[in-house]
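Student: sequence and predicted structure below; questions after.
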Amino acid sequence: MKDRSKLTTEKHNPKSRDIDRRSTLEIVDLINAEDRKVASAVRKERKRIAKAVDIIAESFRRGGRLFYVGCGTSGRLGVLDASECPPTFGVPPSRVQGIIAGGRRALVRSSEGMEDHEAGGAAAIDQRKVKPRDSVVGIAACGMTPYVRGALRRARKIGAKTVFITCSPEVKREVKADVVICPVVGPEVVTGSTRMKAGTATKLVLNTLTTAAMIRTGKVYGNLMVDLSAKSEKLRDRAERIIMTVAGVSRPRARKLLKDAHGEAKIAVVMHFRKMTYSGACRRLKACGGLLRDAIQAED
């Protein structure tokens, strides 16, 4: 598609045509009313999101990585989601990585021109040494960003699994990917400002992709983030409470277990239930594929 004015993300929203003449409260109410459409739009894509989750989880099981690729707001959202995975799920920073056109500088200062270079997206995939066991998620609200398309083409050529996230239904058939996720949130309150509804929808999708994939690969027990590594006072407190809940022990006992487990809550729980040393608990978890429920319940 050559005419960007035909894209849903670029169309005028009739409800906000006179927004500059409204009161502050009316502006806030209008934005809020439009935002309420986002969750339902994401829900309509739930089957495709679930398919993408399964792809990503399988990459993790095979020792692969997840890469987000985007420009501007889309790129920043990818980097944000990637950066939150290590403290939440105890994975190394290399497991989920965010690639943004323009590099680190683009996180705090606009580098819009970088998005126009398809070769740059392909080069970024090569620089990260993407392999067939990896997954690459391209993010482009308008769906036309050359940098993202170039990254996806290169990833597919390598043999990696690919997912494409856009809010423009007009282009979703143009981009080749294993899964295309397209929450249609409609025109923005400020025409073309995809940092608004499209950005919110993207954030919801990314949260779901990583959270669900981590759950599927044993990083959560019940609804507890048992794989966190207690590297701050807040996380130590949370880890102790998790151990107390799962193991049914007192705070002092939980604190001792956590210390003996070198700050790893999941290991501490296995040590308690299986009466094991730290190294023994590590081996048992590995033998159970990292699944805590199996590690504490499975028979020897």
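Tutor: Done, it's in. Residues are numbered from 1 along each chain as shown.
Student: and the nearest residue to residue 76 once chain neighbours are set aside, what is it in contact with?
Tutor: Of all residues not flanking residue 76 in the chain, residue 107 sits nearest, at 6.0 Å (CB to CB, 6 or more residues apart in numbering). Where you see a C-beta, it was placed from the backbone N, CA and C, and this is true even at glycine. Residues counted as contacts of residue 107 (CB atoms under 8 Å, 6 or more residues apart in numbering) are 76, 79, 100.
Student: skip the chain neighbours and tell me the closest residue to the second one.
Tutor: Spelled out, it's residue 79. residue 98 (3.2 Å).
Student: surely that neighbour meets residue 81?
Tutor: Yes. With contact defined as CB atoms under 8 Å, residue 98 reaches residue 81; the gap is 7.1 Å.
Student: now the common contact residues for these two.
Tutor: In contact with both residue 98 and residue 81: residue 68, using CB under 8 Å, 6+ apart.
Student: picking up where we left off before, in which helix or strand does the residue nearest to residue 76 reside?
Tutor: Using DSSP states H and E, residue 107 sits within helix 105-108.
Student: which of the contacts of residue 107 lies closest to residue 293?
Tutor: Within the contacts of residue 107, the smallest distance to residue 293 is 32.3 Å, found for residue 79 (CB to CB).
Student: what about the closest one, neighbour count?
Tutor: Applying other CB atoms under 10 Å, we find 19 other residues in the vicinity of residue 79.
Student: now do the contacts for it.
Tutor: 68, 98, 99, 100, 107.
Student: ok, of these, which come out buried?
Tutor: Using 16 or more other CB atoms under 10 Å as the burial test, the contacts of residue 79 include 68, 98, 99, 100 as buried.
Student: quick one: the third one and residue 76 touch, right?
Tutor: No. The criterion here is CB under 8 Å, and residue 99 misses it with residue 76 at 11.4 Å.
Student: buried residues in the lowest-mean-pLDDT helix or strand in the chain, which are they?
Tutor: Least confident helix or strand of the chain, by mean pLDDT, DSSP states H and E, is helix 105-108 with a mean of 83. Residues of helix 105-108 classed as buried: residue 106 (neighbour count, 16+ other CB under 10 Å).
Student: could you identify the helix or strand that succeeds that helix?
Tutor: Where DSSP H and E defines the elements, the next helix or strand beyond helix 105-108 is helix 118-127.
Student: could you dump that next one to PDB, C-alpha only?
Tutor: Extracted in PDB, the C-alpha atoms of helix 118-127 (Å, rounded to 0.1, in the frame of the first residue of the first chain):
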ATOM      1  CA  GLU A 118      15.000  -1.800   5.400                       C
ATOM      2  CA  ALA A 119      18.700  -2.800   5.200                       C
ATOM      3  CA  GLY A 120      19.100  -1.400   8.700                       C
ATOM      4  CA  GLY A 121      16.500  -3.900  10.100                       C
ATOM      5  CA  ALA A 122      18.200  -6.800   8.300                       C
ATOM      6  CA  ALA A 123      21.600  -5.700   9.600                       C
ATOM      7  CA  ALA A 124      20.300  -5.600  13.200                       C
ATOM      8  CA  ILE A 125      19.100  -9.200  12.900                       C
ATOM      9  CA  ASP A 126      22.600 -10.200  11.700                       C
ATOM     10  CA  GLN A 127      24.300  -8.200  14.400                       C
END
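Student: report all helices and strands that that helix contacts.
Tutor: strand 66-70, helix 146-158 (3 or more CB pairs under 8 Å, 6 or more residues apart in numbering; DSSP states H and E).
Student: what about 10 Å?
Tutor: In terms of contacts (3 or more CB pairs under 10 Å, 6 or more residues apart in numbering; DSSP states H and E), helix 118-127 is packed against strand 66-70, strand 96-100, helix 146-158.
Student: tell me the SS of residue 163?
Tutor: strand (DSSP: H, G, I helix; E, B strand; the rest coil).
Student: pretty sure it contacts residue 78?
Tutor: No. Here residue 163 lies out of contact with residue 78, judged by CB atoms under 10 Å, at a distance of 11.5 Å.
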